[in-house]
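K.L.:
With the sequence up front, the predicted model follows.
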Amino acid sequence: MDAFLTGLADGFGGTLIDPAHQDYDKARALWNGAFDRRPCAVARVGSARDVAAVLRHATAAGREVCVRGGGHSAPGHSCVDGALVIDLGGLRHVTVDPRRETARVGGGALWSDFDRAGAQHGLATTGGLISDTGVGGLTLGGGIGWLMRKHGLTIDNLVGAEVVLADGRIVRASADDEADLFWALRGGGGNFGVVTEFEFRLHPVRNVVAGMVMHPAARAPEVLREFRAQCAKAPDELTMLFAFTLAPPAPFVPPSLVGAPMAAVLVCWCGDAARGAEALAPLRAFGPPAIDAIGEMPYVAWQSMLDHGAPRGMRYYMKSAYLDELSDGAIDALARAGAQPSSPLSQMHLHHLGGAVARVADSATPYGQRRAAYALNVIAGWPDAASSDQHIGWARNICDAAAPFSNGAAYVNFLGDEGGRRIEAAYGAENFRRLCALKRKYDPTNVFRYNQNIPVTGS
């Protein structure tokens, strides 16, 4: 262990994993296997004080740090060559207060941790689509999920946070304390500090009516038009997503269809089950679908239902856009470009927004695309480096096809390393200017640079 790490170990209460440690390779591995990074060490923290000690020691020595929550960063920001990784994996506690309908959640918790704890009390808040995604990363970028049209984005349910700042100070951010920091955390990413604990508002959610209908991809244009029609009249309780995918080897898929290109509509109804069945009847009757796998189930079960489509260690590449409307031209362009996914792990998702998401002012949080009707996310996934160009090309081709119909913005949680202009576009000009000013206030030397970085020198 070199002198820098020895100096840290002397005053550090967590676990320090350097290249000689038996767990080093496991500790540095990321969800996105496209990145094989070798940090100088991984500091697995057990408290906010540990995080503060790491930051003070590293900044005094002029050493770079990066932060790992769930390790799900699509561009691989959770682990950087030569940097010291602040690993929040030891902070996975979830404490639910059923009377107040709130939860305190450790900065290293996964959505599976959060969802299971809430389910014990019939409570939940908007989370992601994959249960081993980190709560922290998804929250700090905004938080699109199955409950968003009824209960808002994840950030709309954040009521407070414990944050370790770049200089090692530990503060609480909320509407009443460090209010400008609290604003920045709700969509500004990991640019302003290390969140060691979140406090969320919860909602009564026990069972949902959820699942998917699938049609042959050749029918994609008419399925997308029906999806558009259903979105236009969807109540807030209903969140829907259109997807191009290959039919998985799942029990509800006939063997003859496994691996076939499909145009799918995924749904989650979080209200009265009888009303949900009525609202979903037209979608289930349309076609009719080749596969109908919609039914009532526990919300916590639906939250992990798609995990098989995003296994850790595969190579991933993502692109993002927003559409203010789903025009006939956009439908035809997406159908031509996306109907043949490049692999069983490659998918195109078109998330229907609106509802509670749109009833928040653009300026209320850094997440600034409240009026967009749809968020487009293209995920290419594959196992081997040799075919990377093919899969990346598939994802780029879809976004190129969608570009004439998009509003030019992107969702930071679906954004790769695409440069400063795309980051600015993700927030919009006014929110971006405010974020830059707060970056200068809270992290003037850009300690937290491994993220969708807000520049200290920005406008």
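P.N.:
Yep, it's here.

K.L.:
From residue 45, how far off is residue 320?
P.N.:
Distance from residue 320 to residue 45, counting by C-beta to C-beta, to the nearest Å: 31 Å. For the C-beta atoms, the positions are set from N, CA and C on the backbone; glycine is no exception.

K.L.:
Kindly indicate whether the closest residue to residue 315 other than its chain neighbours is helix, strand or coil.
P.N.:
Spatially, and ignoring its direct neighbours in sequence, residue 315 is nearest to residue 34 (4.1 Å; C-beta to C-beta, 6 or more residues apart in numbering). Applying DSSP: H, G, I helix; E, B strand; the rest coil to residue 34 yields a three-state assignment of coil.

K.L.:
which SSE is the closest residue to residue 410 other than its chain neighbours in?
P.N.:
Of all residues beyond its chain neighbours, the one nearest residue 410 is residue 320 (4.2 Å), with distances taken as C-beta to C-beta, 6+ apart. Secondary structure from DSSP states H and E places residue 320 in strand 315-323.

K.L.:
cool, and residue 376?
P.N.:
Assigned by DSSP H and E, residue 376 belongs to strand 374-382.

K.L.:
Please name the residues that touch residue 341.
P.N.:
Contacts for residue 341 (C-beta atoms under 8 Å, 6 or more residues apart in numbering) come out as 244, 245, 246, 261, 347, 348, 394.

K.L.:
Per-residue pLDDT of the residue nearest to residue 315, please?
P.N.:
Residue 34 is assigned a pLDDT of 96 by the prediction.

K.L.:
what's the neighbour count on it?
P.N.:
Counted with other C-beta atoms under 10 Å, the burial measure for residue 34 works out to 18 neighbours.

K.L.:
Might you report the residue contacts of it?
P.N.:
Counting by C-beta under 8 Å, 6+ apart, residue 34 makes contact with 76, 315, 316, 317, 388.

K.L.:
roughly how far apart are it and residue 226?
P.N.:
Here the distance between residue 34 and residue 226 works out to 35 Å (C-beta to C-beta).

K.L.:
residues making contact with the helix or strand hosting residue 162?
P.N.:
When elements are assigned from DSSP H and E, residue 162 belongs to strand 158-164. With contact meaning C-beta under 8 Å, 6+ apart, strand 158-164 is reached by 48, 51-52, 55, 102, 139, 170-175, 177-178, 181-182, 185-186, 192-201.

K.L.:
Could you do stretch 446-454 as well?
P.N.:
When contacts are taken as C-beta under 8 Å, 6+ apart, the neighbours of stretch 446-454 outside the stretch itself are 55, 59, 64-67, 77, 80, 83, 141, 166, 188-194, 412, 415, 420, 423, 426, 432, 435-436, 439, 455-456.

K.L.:
Could you list the alpha-carbon positions for that stretch in PDB?
P.N.:
Only the C-alpha atoms of stretch 446-454 are listed here, as PDB (Å, rounded to 0.1, in the frame of the first residue of the first chain):
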ATOM      1  CA  ASN A 446     -14.600  20.400  -9.400                       C
ATOM      2  CA  VAL A 447     -13.800  17.600  -7.000                       C
ATOM      3  CA  PHE A 448     -16.900  15.900  -8.300                       C
ATOM      4  CA  ARG A 449     -16.000  15.800 -11.900                       C
ATOM      5  CA  TYR A 450     -16.800  12.200 -12.900                       C
ATOM      6  CA  ASN A 451     -20.400  12.500 -13.800                       C
ATOM      7  CA  GLN A 452     -22.400  14.500 -16.300                       C
ATOM      8  CA  ASN A 453     -20.300  17.300 -15.300                       C
ATOM      9  CA  ILE A 454     -21.500  20.900 -14.600                       C
END
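
K.L.:
Okay, buried residues for that stretch please.
P.N.:
446, 447, 448, 449, 450, 451, 452, 453, 454 (16 or more other C-beta atoms under 10 Å).

K.L.:
Of these, which is the nearest to residue 231?
P.N.:
residue 452 (28.0 Å; C-beta to C-beta).

K.L.:
these two touch, right, residue 235 and residue 270?
P.N.:
No - using C-beta atoms under 8 Å, residue 235 is not in contact with residue 270; the gap is 10.2 Å.

K.L.:
Which one's more surrounded, those two?
P.N.:
The residue with more neighbours, out of residue 235 and residue 270, is residue 270; 26 against 13, by other C-beta under 10 Å.

K.L.:
The nearest residue to residue 136 once chain neighbours are set aside and residue 348, how far apart?
P.N.:
Nearest-residue entry for residue 136: residue 69, 3.7 Å, with adjacent residues in sequence omitted and distances by C-beta to C-beta, 6+ apart. Relative to residue 348, residue 69 is positioned 26 Å away (criterion: C-beta to C-beta).

K.L.:
okay, the two: which has more neighbours?
P.N.:
Each of residue 69 and residue 348 had its neighbours counted (other C-beta under 10 Å), and the higher figure belongs to residue 69 (29 against 25).
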